[in-house]
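**Q** Kindly generate the corresponding structure for this input.
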Amino acid sequence: MKEIVKQIVEDNGFKLYDIEISEENEHKYYRIYIQKDDGSSVNLDECAEVNRIISPIFDVEEPISDAYFLEVSSPGIERPLKTKEHFKNSIGEKVKITMNDGSKIIGKLQEVTEDKINVKNKIIPFSNIKKARTYFEWK
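**A** As a prediction, this is how the structure comes out:
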């Protein structure tokens, strides 16, 4: 199903950032995060258009077996970093890394290699990262 979603998103001039299936308050959500090809944010009308195109396809080929709500949105200013591509596209941005041991590092993402990243001149293997996201300092 991910390939079908990816193709639809790309056919409409956007890039698939991520797909997330979650449960909140006893409701399931199938969330599709999109952005523009240059990595910039999409607006509400663009999300609604992609949702309008995908929704009838999901009526025929349901992505999950249970009842769910379909949402199409931008990954946001503080977006999760789950893949190497996400990290590579975020070089130069401030990130917040939660390590497997629970410690946190906040700093500018300087470099991404095959198996590690460099934040604040600290080399961090991907295997030591529990969670990561871009970080925006609200002033």
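**Q** Which parts of this structure belong to which domain?
**A** Domain segmentation of the chain under automatic domain parsing yields 2-73, 84-134.
**Q** Mind putting the ones you listed into TSV with mean neighbour count and mean pLDDT?
**A** In short, each C-beta sits where N, CA and C put it, glycine included. Conversion of these to TSV gives the following (neighbours: other C-beta atoms under 10 Å; pLDDT from 0 to 100):
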stretch	mean neighbour count	mean pLDDT
domain 2-73	14	93
domain 84-134	15	96
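**Q** Tell me where the protein has strands.
**A** 14-24, 27-36, 69-73, 94-99, 104-112, 116-119, 122-125, 129-134 (DSSP state E).
**Q** could I get those as TSV with distance to Lys2?
**A** Shown next, in TSV, are these (distance: least, C-beta to C-beta, whole Å):
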stretch	distance to Lys2
strand 14-24	6
strand 27-36	10
strand 69-73	14
strand 94-99	25
strand 104-112	23
strand 116-119	25
strand 122-125	27
strand 129-134	21
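**Q** Among those strands, which comes closest to Met1?
**A** Of all the strands of the chain, strand 14-24 sits nearest to Met1, with 8.3 Å by C-beta to C-beta.
**Q** contacts for the closest one?
**A** Defining contact as C-beta atoms under 8 Å, 6 or more residues apart in numbering, one finds that strand 14-24 is touched by 2, 5-6, 9-10, 28-37, 39, 42, 46, 50, 63-64, 68, 75, 79-80, 82, 86.
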